[in-house]
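Colleague: got a structure for you, letters missing:
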Ligand SMILES: O=C(O)C(=O)C[C@]1(C(=O)O)C=C[C@@H](O)C=C1
């Protein structure tokens, strides 16, 4: 079995940083907004060396790349699930957890927003990562020999058209790098994994095809979570962003308009508004367990996830939150952090 070379994102990654202007994960209009940087491998220095960041998956998962992008000096802590990564922080086995919450192909990952609500961690940083999917196989195996492909369900879904063309049976496993490890440990010669080019390099597999995702522009937004809020940088150092959740009793359109007005009347720009409304989407009600008041386990049919530009220390932001709280049954600020308009591209 091939030995897994150590993960060294610092020394040999090729990193591009793409800018997206309005805070949404959009493709830049022209290639001029794509700038190569960090040629020496040094990404943004955030956090202290030795900071432990818990992620879901095995070494080489996209979530681990996101963790290393957020905190280049960190030690990553592999976990079986996102819930385990959060539990690792709660039990002091890690200092931060990283979770994907949104992708250009999938939209909001409500599964993970739900986790944010069920636990008392705060968002301290956002990271947008370009996700390249490759078809990886054991050394020497050709595409014609393949019968099956394994990967994280999201990766399989994002590569649906390519997999249809290849005519391979699909099987979901816990994470992309975990799929690669399975190929190796079970010496699978008729099975491929979908994972990143980095995972191929780490585990020594062949890349049979690249750019497998159905949409060429495939960006996932990750959030870095901490038990304690980090000191807010001075507002002069750049734009801040705040994420919050609002639940209300109904009359959705009126409430939606009132929320929009609370922001727009104060000239606060929204960067995300996700409405989880069963009458609009056929989704079930959201159960909110607010861990800070354990008695409060409630079912709310109408929940909004809102991100906006500004810090919770800004007077106008405080006023907007107060106004929204006056007509909502539940408001929780999930975190306030520096807005990062870049898309990091590691391969
Ligand atoms: O399996 C991985 O590598 C992960 O990091 C998980 C995950 C996800 O949960 O969406 C993260 C980003 C990619 O979109 C695919 C999978």
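Modeller: Arrived safely, thanks for sending. All of these numbers come straight from a predicted model, not from anything done at the bench. Numbers count the residues shown, from 1 in each chain.
Colleague: Do I have it right that residue 276 meets residue 306?
Modeller: No: the pair residue 276 / residue 306 is not scored as a contact, 11.6 Å apart, by C-beta atoms under 8 Å. Every residue, glycine included, has its C-beta placed from N, CA and C.
Colleague: Mind jotting down where the strands sit in the stretch 51-200 of the chain?
Modeller: Counting by DSSP state E, counting those that start in this stretch, the stretch 51-200 of the chain has strands at residues 52-56, 75-79, 96-103, 107-108, 122-130, 134-137, 148-151, 169-172, 191-195.
Colleague: Could I get the average pLDDT for the shortest one?
Modeller: The predicted model gives strand 107-108 an average pLDDT of 84.
Colleague: Let me see the confidence value for residue 12.
Modeller: 30.
Colleague: Leaving out sequence neighbours, find the closest residue to residue 139.
Modeller: residue 206 (5.4 Å; C-beta to C-beta, 6 or more residues apart in numbering).
Colleague: Ok, residue 106 next?
Modeller: Using C-beta to C-beta, 6+ apart, the closest residue to residue 106 is residue 154 (6.5 Å).
Colleague: residues near that neighbour, how many?
Modeller: 21 (other C-beta atoms under 10 Å).
Colleague: interface residues of the stretch 101-250 of the chain facing the ligand?
Modeller: Counting by C-beta under 6 Å from any ligand atom, the positions of the stretch 101-250 of the chain adjacent to the ligand are 103, 131, 152, 154, 155, 175, 176, 177, 220.
Colleague: Format those residues as JSON lines; extra columns: pLDDT.
Modeller: JSON lines is the format used below for these (pLDDT from 0 to 100):
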{"residue": "103", "pLDDT": "90"}
{"residue": "131", "pLDDT": "94"}
{"residue": "152", "pLDDT": "95"}
{"residue": "154", "pLDDT": "93"}
{"residue": "155", "pLDDT": "96"}
{"residue": "175", "pLDDT": "92"}
{"residue": "176", "pLDDT": "97"}
{"residue": "177", "pLDDT": "97"}
{"residue": "220", "pLDDT": "95"}
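Colleague: Which one of these is nearest to residue 85?
Modeller: Residue 85 has its nearest neighbour among these in residue 175, at 11.4 Å by C-beta to C-beta.
Colleague: quick one: contacts for the closest one?
Modeller: 56, 57, 58, 61, 63, 152 (C-beta atoms under 8 Å, 6 or more residues apart in numbering).
Colleague: May I ask which of those residues has the most neighbours?
Modeller: Counting neighbours by other C-beta under 10 Å, residue 63 leads these with 30 neighbours.
Colleague: Quick check: the residue nearest to residue 121 when sequence neighbours are not counted vs residue 99, distance?
Modeller: The spatial neighbour of residue 121 that comes closest, neighbours along the chain excluded (C-beta to C-beta, 6+ apart), is residue 225 at 4.0 Å. Distance, residue 225 to residue 99, by C-beta to C-beta, to the nearest Å: 7 Å.
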